[in-house]
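1. fold the following.
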Amino acid sequence: MTKTRWAVLGPGVISTDFVTGLRSSSLGVLHAVGSSDPDRAAAFAAQHEAAASGNYSDVIARDDVDAVYIGTVHTTHATLAIEALEAGKAVLCEKPITPTAADTRRVLDAAARAGVPFVEAFKQRFGPFADLLRRLLADRELGEVHGVVAGFGGNNPARTGRAFDPTLAGGAILDVGCYPTSLAVEVARMTGRGDQRVKFGDVEAEWVNGVDADTTAHLAIGDLAVELRTAVIREMPGAAVISCERGDIVLPYAWGSRTESPSSLILRADGEEKIVTVPTVQPMAAEADAVSRALIDGRVEAPEMPWVDSALIAEISTRWLEAARRQ
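-> Here you go, the predicted model:
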């Protein structure tokens, strides 16, 4: 079987991690690199043994490119994604798809018109750990689910870089807060609340250099109670607890890393804890292969990351940011 020929747009740190992960892919191979600076693209291509390079439009237009990975800053995602989709390329777009719900809808509409796969790159959604969690939710292992508490954050003492630049849609909510938001949205869909009204409660926020640097939101998706926490100015355990009728599903480290998916969770009920362990995978390879399988099967979505979830994540992130600005 011919492997998916990938082009990487944006030869930066996260694209380097994607290319490293792609080496573990069973269905894809790096073929081209695109950048706003063709010389930088050529250097990245040479370093990672890609056959072709050029500016974004040149690479997107190539007939020998099947799929595009977008690893650029948030504010450029929409333009690049729509251009790639209109060129008939499958797209794996780093999270968040765009900084706003409105622009995310534009991208999803473009994907629907193009009829080619489009997947938002929430890496923790792919692999055995994610499959296990979905089975537990679908089977109501601990009864009905009542709530989700989840957080993710880190400390950047320098207070510089993309995450602290408001012109690049910096801030905690879009940079790392989207991970716990993604979990809450998936739990809502798996428990029948995915199309229900989102109602925000209290939101707390600290602002640094014009970006949301530390924030907590309380909200409900239907009757699912959700607490989300995120920060870029303090370390925060990447943990989550899904509270259920007969106990809790505890995710000690819910998001994994760029090189290894999460490996275990805890079922806590009746005063006892049961640790469930699964094999790990290279998560960036797993998300790339999900795009390849969609191409092979003639699908436009990956079941691990459906468009309805991407739209709701964008809605919640936008409303959370709006509420944080009022603090």
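
2. the strands in the stretch 1-150 of the chain, which residues?
-> 4-9, 28-34, 52-54, 67-70, 90-94, 118-121, 145-155 (DSSP state E, counting those that start in this stretch).

3. the first one pairs with which strands?
-> Pairing partners of strand 4-9, with direction, according to DSSP bridges: strand 28-34 (parallel), strand 67-70 (parallel).

4. tell me the angle it makes with strand 90-94.
-> Between strand 4-9 and strand 90-94, the angle comes out at 40 degrees (axes from the mean of the first three to the mean of the last three Cα atoms, to 10 degrees).

5. just the CA atoms of strand 4-9, as CSV, please.
-> Provided in CSV are the C-alpha atoms of strand 4-9 (Å, rounded to 0.1, in the frame of the first residue of the first chain):
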residue,chain,number,x,y,z
THR,A,4,0.4,9.0,2.8
ARG,A,5,2.9,11.7,1.6
TRP,A,6,2.9,14.4,4.3
ALA,A,7,3.9,18.0,4.0
VAL,A,8,4.7,19.9,7.1
LEU,A,9,3.8,23.6,7.2
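
6. out of the strands paired with strand 4-9, deepest packed?
-> strand 67-70 (a mean of 26; mean count of other Cβ atoms under 10 Å). (Glycine included, C-beta is placed from N, CA and C.)

7. ok, and what's touching that one?
-> Identification of contacts with strand 67-70 by Cβ atoms under 8 Å, 6 or more residues apart in numbering yields 4-10, 15, 18, 28, 59-60, 76-77, 80-81, 84, 89-94, 117, 121, 288, 291-292, 295.

8. now do stretch 204-213
-> Residues contacting stretch 204-213 (Cβ under 8 Å, 6+ apart): 159, 163-166, 170-173, 214-217, 231-233, 321, 323-325, 327.

9. pretty sure Tyr319 sits in a helix.
-> Residue 319: Arg, not Tyr. Yes. Using DSSP: H, G, I helix; E, B strand; the rest coil, the assignment for Arg319 is a helix.

10. tell me which stretches of the stretch 151-300 of the chain form helices.
-> Assigned by DSSP state H, counting those that start in this stretch, the stretch 151-300 of the chain shows helices spanning 172, 178-190, 283-297.

11. follow-up on the earlier one: if any of the contacts of strand 67-70 are buried, give me the ChimeraX selection for them.
-> Entered in ChimeraX, the line below selects the buried ones among the contacts of strand 67-70, by 16 or more other Cβ atoms under 10 Å:
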select :4,5,6,7,8,9,10,15,18,28,59,60,76,77,80,81,84,89,90,91,92,93,94,117,121,288,291,292,295
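
12. show me the residue at the heart of this protein, geometrically.
-> Central residue of the chain (Cα atoms, centre = their mean): Phe122, 2.4 Å from the mean position.

13. ok, that residue touching Val176?
-> No. If you go by Cβ atoms under 8 Å, Phe122 and Val176 don't touch, sitting 11.7 Å apart.

14. quick one: mean pLDDT for stretch 245-256?
-> Across stretch 245-256, the average pLDDT comes to 97.

15. and it, how far apart are its ends?
-> 27 Å (Cα to Cα, to the nearest Å).

16. okay, the strands paired with strand 4-9 in JSON lines with distance to Met284 next?
-> Output for the strands paired with strand 4-9, formatted as JSON lines (distance: least, Cβ to Cβ, whole Å):
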{"stretch": "strand 28-34", "distance to Met284": "11"}
{"stretch": "strand 67-70", "distance to Met284": "9"}
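
17. make CSV from the strands of the stretch 1-150 of the chain and add distance to Val250 to it.
-> Shown next, in CSV, are the strands of the stretch 1-150 of the chain (distance: least, Cβ to Cβ, whole Å):
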stretch, distance to Val250
strand 4-9, 36
strand 28-34, 34
strand 52-54, 45
strand 67-70, 32
strand 90-94, 28
strand 118-121, 25
strand 145-155, 10
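
18. could you export those strands as CSV, including mean pLDDT?
-> Listed next are the strands of the stretch 1-150 of the chain as CSV, based on pLDDT from 0 to 100:
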stretch, mean pLDDT
strand 4-9, 98
strand 28-34, 98
strand 52-54, 98
strand 67-70, 98
strand 90-94, 98
strand 118-121, 98
strand 145-155, 98
